[in-house]
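A.B. asks: kindly generate the corresponding structure for this input.
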Amino acid sequence: MFLNAETTYLPTRAVINKKRYDFPDPPVSESIIQENLNECKSIIGIQTLNQMDKLKLLNETIVKSDKFTNNNFQKIKRLIKNAIKQDYDSMLCYKNVCDLHFVCIVKLGTCSNTTTKNLNLSVSEFEIFKNRKQEILDYINGVIIKNKDSYKNEITHIMQTIIPIYEDEAIKFV
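C.D. replies: Numbering: from 1, shown residues only. Predicted structure coming up:
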(Lines give C-alpha, C1' and ligand atoms only; values in the text may rest on other atoms or scores of the structure.)
Protein backbone atom coordinates (compact mmCIF):
# COMPACT_ATOMS: atom_id res chain seq x y z
CA MET A 1 0.00 0.00 0.00
CA PHE A 2 1.45 3.37 -1.00
CA LEU A 3 1.35 5.83 1.85
CA ASN A 4 0.86 9.52 1.30
CA ALA A 5 3.13 11.81 3.30
CA GLU A 6 0.55 14.57 3.34
CA THR A 7 -2.05 12.43 5.09
CA THR A 8 0.34 10.33 7.18
CA TYR A 9 2.06 13.29 8.82
CA LEU A 10 -0.38 16.09 8.11
CA PRO A 11 0.26 19.11 10.35
CA THR A 12 -2.60 21.00 11.90
CA ARG A 13 -3.37 24.59 11.02
CA ALA A 14 -2.50 25.50 14.64
CA VAL A 15 0.98 24.01 14.27
CA ILE A 16 1.58 26.00 11.10
CA ASN A 17 0.37 29.24 12.65
CA LYS A 18 2.41 28.64 15.81
CA LYS A 19 5.66 28.02 13.91
CA ARG A 20 5.11 31.00 11.60
CA TYR A 21 7.07 29.65 8.68
CA ASP A 22 8.46 32.28 6.35
CA PHE A 23 9.29 30.78 3.01
CA PRO A 24 11.12 32.43 0.17
CA ASP A 25 10.15 31.68 -3.42
CA PRO A 26 9.19 28.08 -4.38
CA PRO A 27 12.57 26.89 -5.76
CA VAL A 28 14.38 27.87 -2.54
CA SER A 29 11.57 26.40 -0.42
CA GLU A 30 11.73 23.15 -2.32
CA SER A 31 15.50 22.93 -1.91
CA ILE A 32 15.02 23.43 1.86
CA ILE A 33 12.48 20.61 1.88
CA GLN A 34 14.80 18.35 -0.13
CA GLU A 35 17.74 19.07 2.21
CA ASN A 36 15.61 18.20 5.24
CA LEU A 37 14.34 15.07 3.51
CA ASN A 38 17.91 13.98 2.75
CA GLU A 39 18.79 14.56 6.41
CA CYS A 40 15.93 12.26 7.49
CA LYS A 41 17.08 9.57 5.08
CA SER A 42 20.62 9.92 6.40
CA ILE A 43 19.45 9.49 10.00
CA ILE A 44 17.50 6.36 9.05
CA GLY A 45 20.45 5.02 7.05
CA ILE A 46 22.82 5.37 9.99
CA GLN A 47 20.31 3.80 12.38
CA THR A 48 19.58 0.94 9.98
CA LEU A 49 23.27 0.10 9.46
CA ASN A 50 23.90 0.29 13.20
CA GLN A 51 20.94 -1.99 13.95
CA MET A 52 21.98 -4.40 11.18
CA ASP A 53 25.57 -4.58 12.50
CA LYS A 54 24.28 -5.42 15.99
CA LEU A 55 21.99 -8.13 14.61
CA LYS A 56 24.80 -9.64 12.50
CA LEU A 57 27.20 -9.61 15.45
CA LEU A 58 24.58 -11.29 17.63
CA ASN A 59 23.94 -13.84 14.87
CA GLU A 60 27.67 -14.65 14.62
CA THR A 61 27.85 -15.09 18.39
CA ILE A 62 24.81 -17.35 18.40
CA VAL A 63 26.04 -19.45 15.45
CA LYS A 64 29.47 -19.98 17.10
CA SER A 65 27.83 -20.99 20.36
CA ASP A 66 26.77 -24.55 21.03
CA LYS A 67 23.94 -23.38 23.24
CA PHE A 68 20.82 -21.57 22.16
CA THR A 69 19.24 -20.00 25.19
CA ASN A 70 16.45 -17.75 26.29
CA ASN A 71 19.14 -15.08 26.75
CA ASN A 72 19.89 -15.14 23.00
CA PHE A 73 16.19 -14.92 22.27
CA GLN A 74 15.73 -11.97 24.64
CA LYS A 75 18.71 -10.13 23.08
CA ILE A 76 17.08 -10.37 19.65
CA LYS A 77 13.83 -9.06 21.12
CA ARG A 78 15.66 -6.15 22.81
CA LEU A 79 17.49 -5.20 19.62
CA ILE A 80 14.23 -5.08 17.65
CA LYS A 81 12.47 -3.12 20.42
CA ASN A 82 15.32 -0.59 20.45
CA ALA A 83 15.15 -0.34 16.66
CA ILE A 84 11.44 0.45 16.90
CA LYS A 85 12.10 3.09 19.56
CA GLN A 86 14.65 4.75 17.26
CA ASP A 87 11.97 4.96 14.59
CA TYR A 88 10.24 7.59 16.71
CA ASP A 89 13.10 10.06 16.04
CA SER A 90 12.89 9.34 12.33
CA MET A 91 9.14 9.79 12.42
CA LEU A 92 9.57 13.24 13.98
CA CYS A 93 12.08 14.14 11.28
CA TYR A 94 9.57 13.21 8.57
CA LYS A 95 6.82 15.06 10.42
CA ASN A 96 8.91 18.24 10.27
CA VAL A 97 9.57 17.79 6.55
CA CYS A 98 5.86 17.22 5.93
CA ASP A 99 5.09 20.39 7.90
CA LEU A 100 7.45 22.32 5.62
CA HIS A 101 5.92 20.76 2.53
CA PHE A 102 2.39 21.54 3.66
CA VAL A 103 3.33 25.14 4.43
CA CYS A 104 4.98 25.43 1.02
CA ILE A 105 1.68 24.42 -0.57
CA VAL A 106 -0.50 26.58 1.69
CA LYS A 107 1.62 29.75 1.76
CA LEU A 108 3.09 29.65 -1.73
CA GLY A 109 0.25 27.85 -3.45
CA THR A 110 2.56 25.32 -5.05
CA CYS A 111 5.36 22.84 -4.58
CA SER A 112 6.64 20.84 -7.53
CA ASN A 113 5.35 17.37 -8.25
CA THR A 114 8.92 16.09 -7.94
CA THR A 115 9.18 17.37 -4.37
CA THR A 116 5.84 15.81 -3.48
CA LYS A 117 6.75 12.54 -5.18
CA ASN A 118 10.14 12.33 -3.40
CA LEU A 119 8.55 13.04 -0.04
CA ASN A 120 5.76 10.49 -0.53
CA LEU A 121 8.21 7.81 -1.67
CA SER A 122 10.56 8.39 1.24
CA VAL A 123 7.77 8.38 3.83
CA SER A 124 6.31 5.24 2.27
CA GLU A 125 9.67 3.41 2.42
CA PHE A 126 10.14 4.46 6.04
CA GLU A 127 6.63 3.37 7.06
CA ILE A 128 6.99 -0.01 5.35
CA PHE A 129 10.30 -0.67 7.11
CA LYS A 130 8.88 0.49 10.45
CA ASN A 131 5.89 -1.83 10.02
CA ARG A 132 8.12 -4.78 9.08
CA LYS A 133 10.11 -4.34 12.30
CA GLN A 134 6.86 -4.24 14.27
CA GLU A 135 5.70 -7.45 12.56
CA ILE A 136 8.98 -9.14 13.54
CA LEU A 137 8.56 -8.01 17.14
CA ASP A 138 4.93 -9.18 17.17
CA TYR A 139 6.07 -12.55 15.84
CA ILE A 140 8.83 -12.83 18.47
CA ASN A 141 6.40 -11.90 21.23
CA GLY A 142 4.04 -14.65 20.06
CA VAL A 143 6.67 -17.41 19.97
CA ILE A 144 6.26 -20.10 22.59
CA ILE A 145 9.45 -22.01 23.37
CA LYS A 146 8.70 -25.61 24.35
CA ASN A 147 12.21 -27.00 24.82
CA LYS A 148 15.89 -26.25 24.24
CA ASP A 149 15.74 -27.39 20.60
CA SER A 150 12.95 -24.90 19.99
CA TYR A 151 15.34 -22.05 20.86
CA LYS A 152 17.73 -23.16 18.13
CA ASN A 153 14.96 -23.46 15.53
CA GLU A 154 13.25 -20.19 16.42
CA ILE A 155 16.43 -18.13 16.77
CA THR A 156 17.81 -19.47 13.48
CA HIS A 157 14.50 -18.79 11.72
CA ILE A 158 14.21 -15.26 13.14
CA MET A 159 17.77 -14.30 12.24
CA GLN A 160 17.40 -15.71 8.72
CA THR A 161 14.30 -13.55 8.37
CA ILE A 162 15.57 -10.32 9.94
CA ILE A 163 19.01 -9.89 8.38
CA PRO A 164 17.83 -9.97 4.71
CA ILE A 165 15.11 -7.44 5.56
CA TYR A 166 17.72 -5.11 7.02
CA GLU A 167 20.03 -5.62 4.04
CA ASP A 168 17.21 -4.78 1.62
CA GLU A 169 16.11 -1.73 3.59
CA ALA A 170 19.62 -0.40 4.21
CA ILE A 171 20.11 0.04 0.46
CA LYS A 172 17.14 2.43 0.33
CA PHE A 173 18.45 4.74 3.03
CA VAL A 174 22.21 4.72 2.48
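A.B. asks: helices of this structure, residue ranges please.
C.D. replies: 5-8, 13-19, 26-64, 70-108, 113-142, 148-173 (DSSP state H).
A.B. asks: save the ones you listed as CSV, and put in mean pLDDT and mean neighbour count too.
C.D. replies: No exception for glycine: its C-beta is placed from N, CA and C like everyone else's. Below are these laid out as CSV (pLDDT from 0 to 100; neighbours: other C-beta atoms under 10 Å):
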stretch, mean pLDDT, mean neighbour count
helix 5-8, 54, 17
helix 13-19, 56, 11
helix 26-64, 84, 16
helix 70-108, 82, 17
helix 113-142, 85, 16
helix 148-173, 81, 16
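A.B. asks: tally up the residues packed near residue 146, please.
C.D. replies: For residue 146, the number of neighbouring residues by other C-beta atoms under 10 Å comes to 8.
A.B. asks: and it, its phi and psi?
C.D. replies: phi -100, psi -30 (degrees, to the nearest 10).
A.B. asks: from residue 152, how far off is it?
C.D. replies: 12 Å (C-beta to C-beta, to the nearest Å).
A.B. asks: so who does the closest residue to residue 100 other than its chain neighbours touch?
C.D. replies: Using C-beta to C-beta, 6 or more residues apart in numbering and skipping residues adjacent in sequence, the residue nearest residue 100 is residue 33, 5.1 Å away. By C-beta atoms under 8 Å, 6 or more residues apart in numbering, the residues touching residue 33 are 97, 100, 101, 104, 111, 115, 119.
A.B. asks: ok, residue 173 next?
C.D. replies: Counted by C-beta under 8 Å, 6+ apart, residue 173 has contacts 41, 42, 44, 45, 48, 125.
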